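K.L.:
Let me see the structure of the following:
(one chain, ligands or ions: 1)
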Amino acid sequence: MDRSSGEQRLTETAGSPTDGTTGLVSDSRELEDVSFGAIVDGADGSRVLWTTPDGLEVVGCGVAARATASGGDRFDRIRAQTDETFAELDHDGPHIARPRAFGGVSFHDGHEPAEPWTGFDAASFVVPRVLVVRSDEGTWLTAVGETAEATADRLDRWTDRIADLPSMQPSGTTPGIAATHRPTSREDWADQVETALGRIDRGDLTKVVLAQSLSVDLEEPIDVPGILERLRRRYPNCYRFLIGRETGGTFFGAPPERLVSKRGNSVETEALAGSVPRGETPEKDDAYADEMRDSEKVQHEHGLVGEAITDQLEPLAAELTVEEQTVKRLANIQHLRTPISATLEDDRHVLELVEALHPTPAVGGVAPAAAWETIRDVETFDRGWYAAPVGWFDGDGDGEFAVGLRSGVATDQRVTLFAGNGIVADSDPDDEWDEVQLKFRPILDELD
Ligand SMILES: C=C(O[C@H]1C=CC=C(C(=O)O)[C@@H]1O)C(=O)O
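P.N.:
Predicted structure coming up:
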């Protein structure tokens, strides 16, 4: 371990990240099992964690290459930078352990990083210097450096550091809540929903997702890896992510919703919209689920999401399948879910699909421009990276993105949480308020 500072921190600061014009070398080594929480917990500087409901887990530390962009062409600009990085990157190791770029984009393309989003540009990805990947193909350590020697040296140092870490990381204790602040009061919310309903009534739009933020002052510094470990146990069928910046905060969450995954020409996505609580007994649980399935309002709200996704994918797909609707049950809430898969007509980068799909009406609305305008007009906080794509891609343009929901951005002793709900013609402000509060719960419950 690097103990030069006197602390047992895993720093990865040597050298400056490449801008894509100098080549990189990466190499991998198989590891015994290791606590991913302990790696992230011990890391200083840039760190990422990504886990999927189907069992892929990745942590990354340091920055071998970085791509940032803002404005309407941010996706193209990220691609241009990372295409160059990956073209110059020579990987020696199994495919599962290949270097990947992790990051995300902001909900609005005009985003400017300001508190609590300091450090989070409108689009930003890093290829970490060190990656640890766990899947059914084993656990692998990958190091990335400017030369074969630097990479081999990094691989040796990190093998030793990781061997010193505990193989089980305690999942920690809650930090305690000192105070909460709501930029959106109940009255503000009722007004915002009424404004949206007025626009829906006028025919400007049919659906808009309105959101709220909730700032929480903590009694102790937050332990984000510990919270994510506890969320793993309580929400096993959700993604989990953490994006920590050298300066600025840590964005993290446990989203239930896949935006898109792409491997070769196979694409998987889903419509996830419509919410009811869990029942206290199996009978009440089923009754809520039936109520959601039978609700014309919820089916309308859900159907708009499926239609928008298929409209976006159809021009790119040789084949498109909309599967049967199901109910996705999480520990505290149930959602309507329709899986959608496609075979692409031509070779595409996953970022092209992300750009085409974001924002789906599960977080934006229909028509998109009118929904966007309504969100900008009525919301009283900065969405930042909330409800926006977060995930990874590789040098082949394959990758996976979740929607950054059930999420928050943390700085030392403050965390700002976000949650929203779809508003359609029959929405009632009080019911919508209650559903939004349910969506704060996954992280809020881990704070106190
Ligand atoms: C906007 C959120 O949830 C979306 C995903 C599932 C169900 C939703 C709903 O019922 O409105 C939302 O579309 C959020 O969690 O902040």
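K.L.:
Flag every residue of the stretch 151-300 of the chain that's near the ligand.
P.N.:
For the stretch 151-300 of the chain, the residues in contact with the ligand under the definition C-beta under 6 Å from any ligand atom are Val209, Ala211, Glu257, Leu272, Ala273, Gly274, Ser275. Using the backbone N, CA and C atoms, a C-beta is placed for each residue, glycine as well.
K.L.:
Out of those residues, give me the one that has the most neighbours.
P.N.:
Ranked by neighbour count (other C-beta atoms under 10 Å), those have Gly274 at the top, with 27 neighbours.
K.L.:
Alpha carbons of the helix or strand containing that residue, as CSV, please.
P.N.:
When secondary structure is defined by DSSP states H and E, Gly274 falls within strand 266-277. This file holds the C-alpha atoms of strand 266-277, laid out as CSV (Å, rounded to 0.1, in the frame of the first residue of the first chain):
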residue,chain,number,x,y,z
SER,A,266,-27.5,-6.7,-29.5
VAL,A,267,-29.3,-3.9,-27.5
GLU,A,268,-31.3,-4.2,-24.4
THR,A,269,-33.4,-1.5,-22.9
GLU,A,270,-36.6,-1.1,-20.9
ALA,A,271,-39.6,1.1,-20.2
LEU,A,272,-39.8,1.6,-16.4
ALA,A,273,-42.6,3.9,-15.3
GLY,A,274,-45.6,3.7,-13.0
SER,A,275,-45.1,3.3,-9.2
VAL,A,276,-47.1,1.9,-6.2
PRO,A,277,-45.8,1.1,-2.7
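K.L.:
Would you map the helices across the stretch 101-250 of the chain?
P.N.:
Secondary structure of the stretch 101-250 of the chain by DSSP state H, counting those that start in this stretch: the helices cover 148-164, 186-202, 224-234.
K.L.:
dump the residue contacts of Phe381.
P.N.:
Applying C-beta atoms under 8 Å, 6 or more residues apart in numbering, one finds that Phe381 lies in contact with Pro183, Thr184, Gln212, Ser213, Phe418.
K.L.:
and the protein, what are its domains?
P.N.:
What the record gives for the chain is the domain set 24-164, 177-444, from automatic domain parsing.
K.L.:
any chance of the ones you listed in CSV, plus distance to Ser171?
P.N.:
Output for these, formatted as CSV (distance: least, C-beta to C-beta, whole Å):
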stretch, distance to Ser171
domain 24-164, 7
domain 177-444, 4
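K.L.:
Show me which positions of stretch 138-148 end up buried.
P.N.:
For stretch 138-148, burial by neighbour count (16 or more other C-beta atoms under 10 Å) applies to Thr139, Trp140, Leu141, Thr142, Ala143, Val144, Gly145.
K.L.:
wait, the second one sits on Asp27?
P.N.:
I take that to be Trp140. No: Trp140 lies out of contact with Asp27 (C-beta atoms under 8 Å); the separation is 10.5 Å.
K.L.:
Can you tell me which of the helices of the stretch 101-250 of the chain is packed in deepest?
P.N.:
For the helices of the stretch 101-250 of the chain, average neighbour numbers computed from mean count of other C-beta atoms under 10 Å are highest in helix 224-234, which has a mean of 20.
K.L.:
any idea of the mean pLDDT for that helix?
P.N.:
For helix 224-234, mean pLDDT rounds to 93.
K.L.:
Could you number the chain from 31 rather than 1 from now on?
P.N.:
Sure thing, new numbering starts at 31, so read that last one as helix 254-264.
K.L.:
For the ligand, what's its nearest residue on the stretch 81-230 of the chain.
P.N.:
Shortest the stretch 81-230 of the chain-to-the ligand distance, computed as C-beta to the nearest ligand atom: residue-wise this is Phe137, at 10.7 Å.
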